[in-house]
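here's a sequence, model it:
(2 chains)
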Amino acid sequence: MSTKINIYPNLRHYTDGLEAVEVEGNTVGQCLDHLVKQFPSIKNGLFNKNGKLLNYVDIYVNLESTYPEELAKSVKDGDEIHLVLIIAGG
Amino acid sequence: MLTPDERERYDRQIIIKGFGEEGQEKLKRAKALIAGGGGLGSSTATYLAAAGVGMIRLVDHDKVEPSNLNRQILLWDEDIGKRKVDSSIEKLKRLNPAVKLEAIPETITESNVSQLVAGFDLIVDAMDNLPTRFLLNKAAIDNNIPFFHGAVYGFEGRAMTIIPGKTACLRCVYRGLIPEEKFPVIGVTPAVIGCIQATEVIKYIVGLGKLLTNRLLVYDGLKMKFTELKVKKDPNCEHCAHLTSKG
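You can find the predicted model right below:
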């Protein structure tokens, strides 16, 4: 099962500049675990010290919000995940 | 009623299908509050003044610094050290003397936000920090004023339009706070996002097209790609959950 995670510019320094990463998993949480296995440092950009998703990270599956049960959201082969960080500059 | 000079000045937009003199009159009667006189504020204020929005109030407490000048295009080298709102309004007056312009050199706070937005037809979110954006979002919801959000970071941008009670608000979409930092930005990014906000404002006032509601537009300037993320009202939103959806 393969899912594509789209990485936005302000997270790409964790993925060696990659704009998208192929992962495997049946849920968003499993897909993020697989992402972290490939790029361990991205864990700091997505989760707090207790392993909880940071509240300024938003996750979309097939362009739809997964809030509030982001990590439990199921995914299937061919789905696309977007990891989006809140930005606030003006 | 438009004057002959106004008909001539705005001719190219009046001839847009569905716009007409009626649309121009709506712009002339509109009162827009622009919160923030930075990169987004410069961009939105310029195009709203050029389009003939009747009244613009610009709120910003800062003075012009050299590091502003890469993106805050209403602020020029000669303005360093002056108040941003005064320098911006002076340029806008020269661009379109018919627009009523008001400079408010204040910090937006919980205690003054309602007073600042009262009586306005719309609010442009051109701030540079999330806490003040949330204050404005709540004031917009509480006073039933449409809210036009924009934000930038580096080559990235976001935009969304909020119609209180009908569509997802900023707090429905953003629940957390980001760590405070000096954010990176290149001037073209707030130019793009500010123009999207101004487009939304004009569409809203004139009553044209489909607004950017329940959709968070994500701009990636490095890939030159726009992505539309679907968002919805959060039934537990601390700002707007009490309002019943009207469609």
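
tell me the SS of A:Val82?
Not quite, residue A:82 is His, not Val. Secondary structure state of A:His82, per DSSP: H, G, I helix; E, B strand; the rest coil, is strand.

who are the neighbours in contact with the closest residue to it other than its chain neighbours?
Of all residues not flanking A:His82 in the chain, A:Tyr60 sits nearest, at 4.2 Å (CB to CB, 6 or more residues apart in numbering or on different chains). No exception for glycine: its C-beta is placed from N, CA and C like everyone else's. Counting by CB atoms under 8 Å, 6 or more residues apart in numbering or on different chains, A:Tyr60 touches A:66, A:81-82, A:84, B:229-230.

after the longest helix seen in chain B, heading C-terminal, what element do we hit next?
Looking across chain B with DSSP state H, the single longest helix is helix B:188-206. Where DSSP states H and E defines the elements, the next helix or strand beyond helix B:188-206 is strand B:215-220.

how far off centre is the helix or strand that that next one is followed by?
Next along the chain after strand B:215-220, taking DSSP H and E as the criterion, comes strand B:225-230. On the basis of CA atoms, centre = their mean, to the nearest Å, strand B:225-230 sits 19 Å off its chain's mean C-alpha point.

send me strand B:225-230 as CSV with only the CA atoms.
Below are the C-alpha coordinates for strand B:225-230, written out as CSV (Å, rounded to 0.1, in the frame of the first residue of the first chain):
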residue,chain,number,x,y,z
LYS,B,225,1.6,25.8,-7.6
PHE,B,226,-1.8,26.6,-5.9
THR,B,227,-3.5,23.9,-3.8
GLU,B,228,-7.0,24.2,-2.5
LEU,B,229,-7.6,22.5,0.8
LYS,B,230,-11.2,21.8,1.8
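
so which strand or helix has B:Ala45?
B:Ala45 is part of helix B:39-51, with elements assigned from DSSP H and E.

just how off-centre is that helix within its chain?
Relative to the chain's own centre, helix B:39-51 is displaced by 8 Å; criterion: CA atoms, centre = their mean.

what mean pLDDT does it have?
The pLDDT scores in helix B:39-51 average 98.

check which helices and strands it is in contact with.
Applying 3 or more CB pairs under 8 Å, 6 or more residues apart in numbering or on different chains; DSSP states H and E, we find helix B:39-51 packed against strand B:31-35, strand B:55-59, helix B:84-95, strand B:122-125, strand B:147-153, helix B:188-206.

thanks a lot, catch you later.
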